[in-house]
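In: A structural model of the following input is requested.
(one chain, ligands or ions: 2)
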Amino acid sequence: MLTKTLEQTYFVIDFDSTFTKVEALDVLGEISLAAHRDREAILEKIKIITDRGMSGELSLAQSIEMRLQLLTAHRDHLPALIETLKNEISDSFQRNRHFLAEHADQILIVSSGFKEFIVPIVTSLGIKEENVFANTFVFDEAGNIVGCDCENPLATDKGKVKLIRDLNLEGDIYVIGDGYTDYEIRESGLANRFYAFTENVMRPKVIEKADYVAPSLDEFLYHNKLNRSQSYPKSRIKVLLLENVHPVAVHLFESEGFNVEILKGALDEDELIEKIRDVSILGIRSKTQVTSRVLENANKLMCIGAFCIGTNQIDLKTCTEKGIAVFNAPYSNTRSVVELAIGEIIMLVRNIVPKSNKMHEGVWDKSANNSFEVRGKKLGLVGYGNIGTQLSVVAEALGMEVYFYDIVDKLALGNAKKCKTLDELLAISDFVSLHTDGRASNKNLIGAREFGLMKEGVIFLNLSRGHIVDVQALVEAIKSGRVAGAGVDVFPYEPKTNNEEFINELRGLPNVILTPHIGGSTEEAQENIGNFVPGKLLEYINNGSTYGSVNFPELQLPLLKESHRLLHIHANVPGILAKINAIFAKYHINIQGQYLKTNEQIGYVITDVSKDYSDEVVSELRHIDNTIKFRLIY
Ligand SMILES: NC(=O)C1=CN([C@@H]2O[C@H](COP(=O)(O)OP(=O)(O)OC[C@H]3O[C@@H](n4cnc5c(N)ncnc54)[C@H](O)[C@@H]3O)[C@@H](O)[C@H]2O)C=CC1
Ligand SMILES: O=C(O)CCC(=O)C(=O)O
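Out: Ligands and ions are numbered 1, 2, ... in the order given. Modelled structure (predicted):
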C-alpha cells in the first residue's frame, strides 16, 4: 500500500526511454527475433509502432497488441532483456539513485510496459516493487508471450489517467516522462506539472505540451530544489564547439549531459561576441580568435579547449585575469605534422609537383635534372620543441644530417647538432623547416634578410604559423631561385570556412606545395585530440584539476568523495588563503583537504569540506576582495 500524507508530492515516472535509455519492447524484439530472417524489417516496424504510440498517433492498446504480435517472444527471452536493460538505465537516474531511494515512498513508476522486466530494473535503484504500476504479460502453456492482461487499465487508452485517478493520491503530482500518455495525466487535471524528459528522445508533440522540459533528472531535481548528485545540472551548461572538431568530442560532452552546439566553421569576432554570452565551455581550433573583446562578453565562460597545439589565437592573459582556464592538445597531432613535412621535403627536392602537373597536361619529361635524394642533406630545424624533435629523429632515420636552432637550450636527440644562432642554421641547411610556436614576437622571424642568408636552391617549409614568415619576401626568394621549392601549410590570413576563397601571393608559383592548414589534420590526430581536450575540460569542470592548462596554475586533484569542493580563483595578492581559512574557522568548518597553487597572475585554492555548511560561507568566500571566480562542485 502507498503511504499517503497530506502536502506530499508524488513523482510519477515513466519507464521506457525515461528511466531507461531504450524502449524495452524494441530490445526484446532484438533478442526474440535474433535468428529471424526478416529481423531488421520487423524491428523497424516495431520501432515505428512505438513512436506512433508515443506521439499519440496510435491508441495505446493498438500499439501494444501490434508490437506483441510482431515480437514472437518467449519467457526464456526475459533474463537477457533484463540484463540488457540494467546497462541501459538513463545516466541521470543512475547518478541520482540516492534521490530515488530516499524518496521511495513518493516515487511511482507508471508505465504501459511490463512488470516482468520493469520491477527488477527499478527496484535495483531502490524503488519499491509495490509502487510499480505496469502491465503483465500473458503466456501460453509453452511459455510464449501471447498478449497482456487486458483487465489492467494501463493496457487501455488513457490508462495512465485511469490509474492515477483510481490511486486517489493526496498531494501534488509531478509527472516525468517522454511520451504523450505521460502528458495525458497532466491534461486530465490530475497532475500539477508535466516534465517532458528529453535525455534519450525528443518528441516535439510532447515537448510542446510540457510545463517544463527536463533534459535530465538533474534538471528536474534542480528545478524543484531537491537533493541531487550534481551541484548544477549539466544540461544548463552550454558547450560551443567550433571549426568542425571531431565527433568523438561532441559525443563526450553530450554523454555527460551538457547542452552542446556545434558549428563547422570559425566565427569572426562580432559573431563570437554574440554567441559567447551564455557559453560556459568553448572549443576551437586554430582559426577562431578569442580576443579581449570577445572575452569581455564571456561572463559565463569557465574554460576554453584549443583542439590543436597552438594557443596564440587566444588572449591568454585576459583569460587568466578573468579566471578562464585554457587547455590544448600538445602532442596529439605532432606525428601528423612530421609525416607531412618529410613527405613534402622529398616531393620538393625531387621536383615532383611540376612534373606531376605536366603529366596531367600530357607532357612526358623524364629527366634527373634538379632531382636529389634527401640522404646526406642537411635539414635545419627552427624550433626544437615537440614537432622539431620528432622530425629530427625521423629525418635522421632517412639519412639526413639534422641541425637545429631554438631560443631555449634543448637536448639534441640522436646525432642532431645545435646551432648557436639562427643565422648559422640558415647558412648551413639544404632544407629549412620552421617549427617555432606562434608567439607574437615571432612575427616575420623569416624575412628578406633571412632568405638572403640561406643557400641558393634551399627547400623551405612552414608548417608552424603563417605570421612567422614574411610572405612577400618568400615570394621574391622563390622567384629569384634562392628558394627552389617551398611547402607552406599556414598563412597570415586563412579562410574561415571551406567556402571562402584562398587569396595569397604564393598561388601559382612553381614547385610550391600549398596546403590548407592540414598539417595536423589526419583522422588519427583529430580523434586523439577529440578525446584528449574534452578529457582535460571535463576534469576541470567535474573535479577542478588544471593539470595541462596553458595559463592556470597546474593542480592534479584527487577525486571528490563524500565532500564538497570549493574552488576559489583570485588575483595573486598576499593574504587570500588566510582570508579563506578565516571564514572556514569562523563557521567551524572542518577542512578535509586543501590545495593552493599560484602563478604570476592568479592564485587557485581548492578546499574540500564536509557537506554541512551554510549558504553564508559560500557568500563570504565569493565576496573576498580580489576574488575572480568562485564555484562549488559535488
Ligand atoms: N600546421 C599544422 O597543422 C600544425 C601546426 N602546429 C604548429 O607547429 C608549431 C610547433 O609546434 P610544437 O613543436 O608542438 O611546439 P613547441 O612549443 O613544443 O615547440 C616550439 C619550440 O619553438 C621554440 N621557439 C620559439 N620561438 C623561437 C624562435 N624565435 N627561434 C627559435 N626557436 C623558437 C620554443 O622554444 C620551442 O622549443 C607551433 O606553432 C604549432 O602551433 C602544430 C600542429 C599542427
Ligand atoms: O588543425 C588545426 O585546426 C590546427 C592545427 C594547428 O595548427 C595546431 O595544432 O597548432
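In: Skipping its backbone neighbours, what lies nearest whatever residue of the stretch 1-150 of the chain ends up closest to ligand 2 in space?
Out: Closest residue of the stretch 1-150 of the chain to ligand 2, Cβ to the nearest ligand atom: residue 91 (30.7 Å). Quick note: C-beta positions are derived from backbone N, CA and C, even for glycine. Spatial nearest neighbour of residue 91, chain neighbours left out: residue 257 (6.6 Å); criterion: Cβ to Cβ, 6 or more residues apart in numbering.
In: Surely residue 277 and residue 300 touch.
Out: Yes - judged on Cβ atoms under 8 Å, residue 277 makes contact with residue 300 at a distance of 7.3 Å.
In: what sits up against the helix or strand encompassing residue 485?
Out: Using DSSP states H and E, residue 485 sits within strand 483-488. Identification of contacts with strand 483-488 by Cβ atoms under 8 Å, 6 or more residues apart in numbering yields 340-341, 344-345, 347-349, 351, 353, 370, 451, 454, 457-463, 469, 474, 477-478, 506, 509, 511-515.
In: what does stretch 432-448 give?
Out: 310, 312, 337, 341, 345, 379-385, 387-388, 391, 422, 425-426, 454, 458-465, 467-470, 473-474, 476-477.
In: near ligand 1, which residues of the protein?
Out: Contact residues, the chain versus ligand 1 (Cβ under 6 Å from any ligand atom): 309-310, 333-334, 337, 382-388, 405-408, 435-438, 442, 445, 463-465, 489-490, 517, 519-520.
In: ok, residue 624 to residue 346 distance?
Out: Separation of residue 624 from residue 346 (Cβ to Cβ, to the nearest Å) stands at 60 Å.
In: so is the residue nearest to residue 91 in a helix, a strand, or just coil?
Out: Secondary structure assignment for residue 257 (DSSP: H, G, I helix; E, B strand; the rest coil): coil.
In: where are the low-confidence patches of the stretch 151-300 of the chain?
Out: For the stretch 151-300 of the chain, applying pLDDT under 70 flags no range at all.
In: So which residues of the stretch 251-400 of the chain form strands?
Out: Remark: strands assigned in the stretch 251-400 of the chain by DSSP state E, counting those that start in this stretch are 259-262, 281-284, 303-306, 325-327, 378-382.
In: Any chance of the ones you listed in TSV with distance to ligand 2 and mean neighbour count as columns?
Out: Converted to TSV, the strands of the stretch 251-400 of the chain look like this (distance: least, Cβ to the nearest ligand atom, whole Å; neighbours: other Cβ atoms under 10 Å):
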stretch	distance to ligand 2	mean neighbour count
strand 259-262	15	17
strand 281-284	9	26
strand 303-306	8	26
strand 325-327	13	26
strand 378-382	16	25
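In: With residue 16 as the reference, name the closest of those.
Out: Across those, residue 16 has its closest neighbour in strand 259-262 (24.0 Å, Cβ to Cβ).
In: partner strands of the closest one, parallel or antiparallel?
Out: Strand 259-262 has the following strand partners under DSSP bridges: strand 238-241 (parallel).
In: okay, the strand it pairs with in CSV with CA atoms only?
Out: Extracted C-alpha coordinates of strand 238-241, given in CSV (Å, rounded to 0.1, in the frame of the first residue of the first chain):
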residue,chain,number,x,y,z
LYS,A,238,26.4,25.3,-22.7
VAL,A,239,29.3,24.0,-24.7
LEU,A,240,30.1,25.7,-28.0
LEU,A,241,32.3,23.7,-30.4
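In: Check which residues of stretch 327-346 are buried.
Out: 327-330, 332-342, 344-345 (16 or more other Cβ atoms under 10 Å).
In: Tell me which of the residues you listed fall in helices.
Out: Among the buried residues of stretch 327-346, the residues falling in helices (DSSP state H) are 334-342, 344-345.
In: which two from those residues end up farthest apart in space?
Out: By the measure Cβ to Cβ, 334 and 345 form the most distant pair in those, at 16.7 Å.
In: Quick check: residues of this structure near ligand 2?
Out: 285-286, 308-310, 333, 520-521.
In: Among the residues you listed, the buried ones, what's the ChimeraX command?
Out: Here is the ChimeraX selection string for the buried members of the residues of the chain next to ligand 2, based on 16+ other Cβ under 10 Å:
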select :285,286,308,309,310,333,520,521
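In: ok, of the residues of the chain next to ligand 1, which come out buried?
Out: 309-310, 333-334, 337, 382-388, 405-406, 435-438, 442, 445, 463-465, 489-490, 517, 519-520.
In: quick revisit: now the strands of the stretch 251-400 of the chain in TSV, with distance to residue 584?
Out: What follows is the strands of the stretch 251-400 of the chain, written out as TSV (distance: least, Cβ to Cβ, whole Å):
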stretch	distance to residue 584
strand 259-262	34
strand 281-284	29
strand 303-306	26
strand 325-327	24
strand 378-382	52
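In: For the strand holding residue 485, buried residues please.
Out: 483-488.
In: check contacts around the closest residue to ligand 2 within the stretch 401-550 of the chain.
Out: At 3.9 Å from ligand 2, residue 520 is the closest residue in the stretch 401-550 of the chain, using Cβ to the nearest ligand atom. Applying Cβ under 8 Å, 6+ apart to residue 520 gives the contacts 308-309, 332-334, 336-337, 526, 529.
In: Turn those into a markdown table, columns for pLDDT.
Out: Shown next, in a markdown table, are these (pLDDT from 0 to 100):
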| residue | pLDDT |
| --- | --- |
| 308 | 98 |
| 309 | 97 |
| 332 | 97 |
| 333 | 97 |
| 334 | 98 |
| 336 | 98 |
| 337 | 98 |
| 526 | 98 |
| 529 | 98 |
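In: Tell me the one of these nearest residue 212?
Out: residue 529 (36.5 Å).
In: hang on, the earlier thing: between all of the residues of the chain next to ligand 2, which two are at the greatest distance?
Out: 310 and 521 (13.6 Å).
In: Tell me the helices and strands packed up against the strand or helix carrying residue 160.
Out: If you go by DSSP H and E, residue 160 is part of helix 159-167. Applying 3 or more Cβ pairs under 8 Å, 6 or more residues apart in numbering; DSSP states H and E, one finds that helix 159-167 makes contact with strand 107-114, helix 180-187.
In: Can you give the strand pairings for the first one, parallel or anti for each?
Out: So the one you mean is strand 107-114. strand 9-13 (parallel), strand 132-135 (parallel).
In: For the helices and strands packed on helix 159-167, please prepare TSV with the additional fields mean neighbour count and distance to residue 30.
Out: Below are those laid out as TSV (neighbours: other Cβ atoms under 10 Å; distance: least, Cβ to Cβ, whole Å):
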stretch	mean neighbour count	distance to residue 30
strand 107-114	25	16
helix 180-187	22	23
